[in-house]
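Turn this into a model:
(one chain, ligands or ions: 2)
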Amino acid sequence: MTVRRISILGATGSVGTSTLDLVERSRDAFDVFALTAATNVDKLADAALRTGANLAVIDRAELLPDLRDRLKGSGCRAETGADALREAAAGDVDWVMASIVGCAGLEPVMAAVDAGKTVGLANKESLVTAGGLMTAAAARSGSTILPVDSEHNAIFQCLQGHRSQDVAKLILTASGGPFRTRSREEMAAMTPEQAVAHPNWSMGAKISVDSASMMNKGLELIEAHHLFGLPSERIAILVHPQSVIHSMVEYVDGSVLAQLGSPDMRIPIAHALAFPGRIDTPAEKLDLAKVASLTFETPDPVRFPALRLARQALEAGGAQPIALNAANEVAVAAFLDRKIGFLDIPRLVEDVMARTGAGQPQSIAEVIDIDRRSRALSIELMTEIAA
Ligand code: NAD
Ligand code: MG
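Ligands and ions are numbered 1, 2, ... in the order given. Presented below is the predicted three-dimensional model:
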């Protein structure tokens with residue numbers, strides 16, 4: 001394998017840390033160009049020094065002197081700001097891990113796509129808000145988008161060597177999250193600690209809350225539509241509490257292909273890092289005799305209204321998925337801050353969507369504008385909920 005020159009956007013998060021772990025285990029295969037983070041100077045500087053990165057970008061400008069201090073004499077440049085983030089994404093690299101959380105990741109992902117880079121895409125919010133623009137830009141620039149989200153990575157693997165016209169439907173599996181068996185009444189009283197305690201996966205706080213509300217699966221439904229080009233009615237969601245089957249593809253002849261593995265993000269990350277090759281990972285090997293049984297359930301749209309809202313947003317298109325995502329980001333942050341209750345999350349999303357039109361954004365600038373307005377509206381409506 002030729003040495004791949006890579007950048008990791010969001011290098012200090014859950015996906016970023018797992019990516020670094022794999023890259024540091026296969027040092028001969030990767031050369032790190034840039035690492036970026038929002039606020040964690042120590043973790044960013046340590047990783048930059050360990051990997052010999054050329055560029056480290058911190059989002060918070062007031063932390064730059066600190067970062068410069070930590071990297072003095074190392075040969076690694078420390079920067080902040082949009083231009084530096086763009087350089088990390090679109091500069092002298094072959095492969096970019098997009099693992100910033102939320103819509104904040106959209107502009108750097110687009111910079112990488114526009115520059116024709118191979119992008120390992122964990123940041124699902126960028127596809128949810130700007131999927132059409134992003135896939136069109138990739139077609140223009142020749143950029144390859146490799147899905148890192150475990151479900152989409154599974155589907156991508158199950159599609160290899162098959163003709164797209166033979167696909168009948170995609171089946172996205174969902175663990176059901178920590179509240180899978182809880183009643184609405186019980187969910188109303190759930191705390192941030194209970195919501196982030198995922199039964200199978202260890203992840204960042206935002207996606208963990210999204211898993212508890214099943215908004216994560218809603219976002220993944222929209223993500224799958226953009227990655228694989230199938231309409232809403234041909235993408236099914238199936239609850240599978242063991243998280244062993246990561247998703248499936250059903251073909252017209254009735255064959256169903258699945259991808260399996262232990263629930264460890266290093267497996268899909270490794271797949272994207274090495275594609276079309278494979279690299280070793282320290283992930284626990286799947287022992288099906290030990291797992292013993294795999295079970296499946298139909299998701300409950302009454303207890304998990306996020307599934308209905310996401311499907312509605314996908315079918316309406318345009319500004320609706322942007323409003324859904326923005327309201328969800330604001331609501332999840334407020335829930336983690338104990339300002340609103342767990343069930344207020346889908347309530348706020350529904351209210352914001354109801355007050356948003358169906359306009360079709362023609363550019364990333366328009367997407368960002370709708371995102372900003374949806375956030376402002378979310379904050380305004382939230383003050384009413386919290387009052
Ligand atoms: P995380 O919160 O652990 O990490 C987020 C990273 O983004 C950090 O490095 C942080 O510094 C950076 N960041 C946050 N806000 C930023 C901003 N405004 N500007 C610049 N950088 C910023 O999140 P995570 O769990 O690693 O998830 C990252 C993305 O991957 C999300 O979109 C998530 O949905 C997706 N994803 C995560 C997992 C998982 O297992 N964690 C699985 C599938 C998909
Ligand atoms: Mg996923």
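
Near the residue in the chain that ligand 1 sits nearest to, how many other residues are there?
Here the chain gets closest to ligand 1 at one residue, residue 13, 1.9 Å apart by CB to the nearest ligand atom. (Glycine included, C-beta is placed from N, CA and C.) Residues lying near residue 13 (other CB atoms under 10 Å) number 24.

wait, it sits on residue 102?
No: here residue 13 does not reach residue 102: they are 10.8 Å apart, not a contact under CB atoms under 8 Å.

can you pull the pLDDT of residue 200?
Looking at residue 200, its pLDDT stands at 89.

ok, back up a step: show me the contacts for the residue of the chain closest to ligand 1.
Listed by CB atoms under 8 Å, 6 or more residues apart in numbering, the contact set of residue 13 reads 99-101, 204.

The closest residue to residue 295 other than its chain neighbours: helix or strand, and which one exactly?
Here the nearest residue to residue 295 in space, its sequence neighbours aside, is residue 241; by CB to CB, 6 or more residues apart in numbering that works out to 6.1 Å. Under DSSP states H and E, no helix or strand contains residue 241.

ok, now residue 173?
Here residue 173 is assigned to strand 167-174, by DSSP H and E.

got the buried residues for that strand?
167, 169-174 (16 or more other CB atoms under 10 Å).

on that earlier part again, may I see the contacts of residue 13 organised as JSON lines, with neighbour count, pLDDT and distance to ligand 1 added?
Below are the contacts of residue 13 laid out as JSON lines (neighbours: other CB atoms under 10 Å; pLDDT from 0 to 100; distance: CB to the nearest ligand atom, whole Å):
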{"residue": "99", "neighbour count": "27", "pLDDT": "98", "distance to ligand 1": "5"}
{"residue": "100", "neighbour count": "29", "pLDDT": "98", "distance to ligand 1": "4"}
{"residue": "101", "neighbour count": "22", "pLDDT": "96", "distance to ligand 1": "4"}
{"residue": "204", "neighbour count": "19", "pLDDT": "95", "distance to ligand 1": "3"}
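
Not counting its neighbours along the chain, what's nearest residue 258?
Counting by CB to CB, 6+ apart, the residue nearest residue 258 is residue 248, at 4.4 Å.

for the one you found, phi and psi?
According to degrees, to the nearest 10, the main-chain angles of residue 248 amount to phi -140, psi 160.

Break down the stretch 51-200 of the chain into its strands, ranges please.
Along the stretch 51-200 of the chain, counting by DSSP state E, counting those that start in this stretch, strands occupy 55-58, 77-79, 95-98, 118-121, 144-147, 167-174.

The last one pairs with which strands, and in what direction?
The strands that strand 167-174 pairs with in its sheet are strand 235-239 (parallel), strand 245-251 (antiparallel) (by DSSP bridges).

Contacts for it, please.
With CB under 8 Å, 6+ apart, strand 167-174 has contacts from 151, 155, 159, 214, 216-217, 220-221, 224, 228, 230, 234-240, 243, 245-252, 256, 299.

which bits of the stretch 151-300 of the chain sit near ligand 2?
residue 151 (CB under 5 Å from the ion).

Under the pLDDT cut-off, which ranges of the stretch 151-300 of the chain? List them.
For the stretch 151-300 of the chain, no stretch has pLDDT under 70.

How about it: which residue is closest to ligand 2?
residue 151 (4.8 Å; CB to the ion).

partners of the closest residue to that residue other than its chain neighbours in the sheet?
Leaving aside its chain neighbours, residue 151 sits nearest to residue 247 (4.2 Å; criterion: CB to CB, 6+ apart). Beta-bridge partners for residue 247, by DSSP bridges, are residue 259.

Tell me which residues touch residue 210, please.
216, 219, 328, 332.

Count the neighbours of residue 76 for me.
22.

same thing with residue 163?
For residue 163, using other CB under 10 Å, the count is 9.

Residue 24 too?
13.

Most widely separated two among the buried residues of strand 167-174?
167 and 174 (20.0 Å; CB to CB).

ok, residue 131 - contacts?
222-223, 225-227, 321.

longest single helix anywhere in the protein?
With secondary structure taken from DSSP state H, the chain has its longest helix at helix 364-386.

Next, count neighbours for residue 327.
Neighbours of residue 327 (other CB under 10 Å): 29.

part of a helix, is it?
Yes: under DSSP: H, G, I helix; E, B strand; the rest coil, residue 327 sits within a helix.

List the residues that contact it.
348-349, 351-353, 374-375, 377-378.

Export the residues you listed as TSV, with columns for neighbour count.
Listed next are the contacts of residue 327 as TSV, based on neighbours: other CB atoms under 10 Å:
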residue	neighbour count
348	25
349	30
351	20
352	26
353	20
374	28
375	18
377	19
378	23
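
TSV for these, including pLDDT and distance to residue 269?
Formatted as TSV, the contacts of residue 327 follow (pLDDT from 0 to 100; distance: CB to CB, whole Å):
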residue	pLDDT	distance to residue 269
348	98	32
349	98	29
351	98	36
352	98	32
353	98	32
374	98	30
375	98	29
377	98	35
378	98	31
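
Take those residues and lay them out in CSV including distance to residue 317.
Shown next, in CSV, are these (distance: CB to CB, whole Å):
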residue, distance to residue 317
348, 21
349, 16
351, 20
352, 16
353, 12
374, 15
375, 20
377, 19
378, 20
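
Next, the contact list for residue 101, please.
10, 13, 123, 125, 204, 206-207.

possible to save these as JSON lines with secondary structure and distance to residue 293?
Formatted as JSON lines, the contacts of residue 101 follow (DSSP: H, G, I helix; E, B strand; the rest coil; distance: CB to CB, whole Å):
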{"residue": "10", "secondary structure": "coil", "distance to residue 293": "36"}
{"residue": "13", "secondary structure": "coil", "distance to residue 293": "33"}
{"residue": "123", "secondary structure": "coil", "distance to residue 293": "34"}
{"residue": "125", "secondary structure": "helix", "distance to residue 293": "34"}
{"residue": "204", "secondary structure": "coil", "distance to residue 293": "30"}
{"residue": "206", "secondary structure": "helix", "distance to residue 293": "31"}
{"residue": "207", "secondary structure": "helix", "distance to residue 293": "27"}
